[in-house]
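>>> Sequence below, structure please.
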Amino acid sequence: TRPMARVARATSRAVISTRREARDASRRSSAARRARRGVGTRTAAARSSDAARERELEYLERASTPSDVFTERAFGDAALAESCLRAMRVQWTHGYASAPSGFARCTHGFGEILAGMQPAACDLIMRECFEATETRSVLDPFAGGGTTLVCAQTLGWRAVGADVSPLACFVSANRNWRASEEEVEVMLESARTVTDRAGTREEKDGANDEDASDVPRSWRAVRDALREYLASDAFVGAPRVAEGLWFCMSVALQRTQKSQNKRRHKGKSKGKRGGGGDDASRVNAETFRKTVEEYANRLEQFREECAKHAGAPAPPASIHNVDVRKFKLSAEDKVDAVLTSCPYPAVYDYLSFARKVRAGSGAVVPSSASFAARSGPTSSYVNTVVPGDRNWPAGWTEGEIGSRRALRSDPYAFKDVWQREQEEWLAVVADSLTPRGRAAIMVGDGANIDTRASIVAAAAKFALREVAGCTMKLTTTTEEGRVYNQARTEHLILFDRA
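Numbering: from 1, shown residues only. Have a look, this model is predicted:
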């Protein structure tokens, strides 16, 4: 068995090495062709970067143009308020799920979470609302999928994130992974091997499958092939690569289930969950491979965007799975800026959504010795065993701010509890900022609470001075003359630390 394992490892390394050599040869050939045309490699790269930035600026100019559709109101410093309006127009025009055309996608939007900040809006706030010549670090106390952290690193800034949701930290950590070329190659080769193995497996019926509740039946061949390959001596990657593969498995499964739900709602599919036979298993294996390839491309673009910044690259993002109210930065780790989209009052149940994903599509992640040895922001998500009795650990049920569940639990006390929670997390923001640091907070109204007034009042208790901001509404007038909000009122507020 040992000689066979050594042969398998050697073969896998040889395949990866051969493909890397072929890719490098292709790159050298391209560079030679450019040189023969009189175009230097560095010049071509610079021109490509400049052209990309020009397209991005053109897009931002179009997307941030005032619209008759939105009702806008600005306040405070005129220049900063205009920048806030531009960012909010981008946010409202494109939403949060992924980067719009003309903006570097990187890993934005890869892996589903409930809500977040539009990457282009986030980038605009960083460039225009913070002092770019002085800002070198940023904190997002409600990091979610890590949009702020990804954007910060592309600017060369040190990024720190915290979030109480294990799912948010799992997604954020994998979006912010600065994988090396070798790690990407190992991941791609592993995906091809797993896809080939899954295509030859017989589909389990679940009768003797101890993990039958984990994933739909048509995905078990892929899951089992991935588990077996990562546990074998043929896999030459590190645990970080293995986690990236499980992340892609979770994303692929989420996408498939979402697509099936859409078809079911349209009446095009009435089959049971996970059905489809061997053909469905092979299709899902290909879906997994394509998802890994997309993720690899996104990771490479993220690494390239980080390298474009003049000077030393930013350090990898620091992500913490913790209730922000219990979070504290050391004196040497204080940040120059805070940028976040905090929870809206009684709009979402983030932890409930995290449990749902972990119990369904997220349950493909194994709880094994190799992963248990790893610590960090994803350890809770990876190592938590889904309870059969819904009795989840405290880290999956406690610490959420402003949840919809809290409003249902005690609607009369909700407003007072909400205000106290704002004071608690804004105290952490004030403590995390360097002197004269700046915070930008995006928030929407809910539960009949004016969140701008609420947050401004809470921030003032901790020497956070409001300097500018804006409010966006989308209203409709009926034929009877009545006006109602067609979308939630949202605010972007800038604070300076005194």
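>>> Spatially central, which residue of this structure would that be?
In the chain, the C-alpha nearest the mean C-alpha coordinate belongs to G145, at 2.5 Å (C-alpha atoms, centre = their mean).
>>> ok, that residue to Y350 distance?
With distances taken as C-beta to C-beta, to the nearest Å, G145 is found 12 Å from Y350. (Each C-beta comes from the backbone N, C-alpha and C, glycine too.)
>>> Please enumerate the shared neighbours of those two.
Counting by C-beta atoms under 8 Å, 6 or more residues apart in numbering, the residues touching both G145 and Y350 are A168.
>>> Show me where the chain has its strands.
With DSSP state E as the criterion, the chain has strands at 71-76, 137-140, 158-163, 318-321, 335-341, 433-444, 464-477, 483-497.
>>> Tabulate these (JSON lines), appending mean pLDDT.
Supplementary listing: the strands of the chain in JSON lines, determined by pLDDT from 0 to 100:
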{"stretch": "strand 71-76", "mean pLDDT": "93"}
{"stretch": "strand 137-140", "mean pLDDT": "97"}
{"stretch": "strand 158-163", "mean pLDDT": "97"}
{"stretch": "strand 318-321", "mean pLDDT": "96"}
{"stretch": "strand 335-341", "mean pLDDT": "97"}
{"stretch": "strand 433-444", "mean pLDDT": "95"}
{"stretch": "strand 464-477", "mean pLDDT": "88"}
{"stretch": "strand 483-497", "mean pLDDT": "83"}
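>>> I'd like to know which of those is closest to A453.
Smallest distance to A453 across these (C-beta to C-beta): 9.5 Å, for strand 483-497.
>>> If we go by neighbour counts, what in the closest one is buried?
For strand 483-497, a neighbour-count test (16 or more other C-beta atoms under 10 Å) marks 489-497 as buried.
>>> name the helices or strands packed onto that strand?
If contacts are counted by 3 or more C-beta pairs under 8 Å, 6 or more residues apart in numbering; DSSP states H and E, strand 483-497 sits against helix 78-94, strand 433-444, helix 451-460, strand 464-477.
>>> then the last one to CSV, C-alphas only?
It refers to strand 464-477. Taking Å, rounded to 0.1, in the frame of the first residue of the first chain, the C-alpha atoms of strand 464-477 are listed here in CSV:
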residue,chain,number,x,y,z
LEU,A,464,-18.0,60.0,17.1
ARG,A,465,-19.0,63.2,15.4
GLU,A,466,-21.3,63.1,12.3
VAL,A,467,-19.6,64.9,9.4
ALA,A,468,-21.7,64.0,6.4
GLY,A,469,-24.1,61.5,5.0
CYS,A,470,-27.2,60.9,2.8
THR,A,471,-30.6,59.2,2.8
MET,A,472,-32.1,57.3,-0.2
LYS,A,473,-35.8,56.5,-0.7
LEU,A,474,-37.8,54.9,-3.5
THR,A,475,-41.4,56.1,-3.3
THR,A,476,-44.4,55.7,-5.5
THR,A,477,-47.5,57.8,-5.7
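>>> next one: that strand to chain centre, how far?
Strand 464-477 sits 26 Å away from the centroid of its parent chain (C-alpha atoms, centre = their mean, to the nearest Å).
>>> Are there helices or strands packed against it, and which ones?
Secondary structure elements in contact with strand 464-477, counted by 3+ C-beta pairs under 8 Å, 6+ apart, are strand 71-76, helix 78-94, helix 414-432, helix 451-460, strand 483-497.
>>> most tightly surrounded among those?
Per-residue neighbour counts averaged over each of the helices and strands packed on strand 464-477 give the maximum for helix 78-94, namely a mean of 21 (mean count of other C-beta atoms under 10 Å).
>>> So which residues lie in contact with that one, not counting its own?
60, 63-67, 70, 72, 74-75, 100, 117-118, 120-122, 124-125, 128-129, 440, 442, 467-470, 472, 474, 487, 490, 492, 494.
>>> repeat that with 6 Å
Applying C-beta atoms under 6 Å, 6 or more residues apart in numbering, the contact partners of helix 78-94 are 63-64, 72, 74, 100, 118, 120-121, 124-125, 128-129, 468-470, 472, 492, 494.
>>> if we can go back for a sec, take the helices and strands packed on strand 483-497 and write them to JSON lines, including distance to V283.
Listed next are the helices and strands packed on strand 483-497 as JSON lines, based on distance: least, C-beta to C-beta, whole Å:
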{"stretch": "helix 78-94", "distance to V283": "31"}
{"stretch": "strand 433-444", "distance to V283": "39"}
{"stretch": "helix 451-460", "distance to V283": "45"}
{"stretch": "strand 464-477", "distance to V283": "40"}
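>>> what about these, which gets the closest to E189?
Ranking these by distance to E189, with C-beta to C-beta as the measure, places helix 78-94 first at 35.1 Å.
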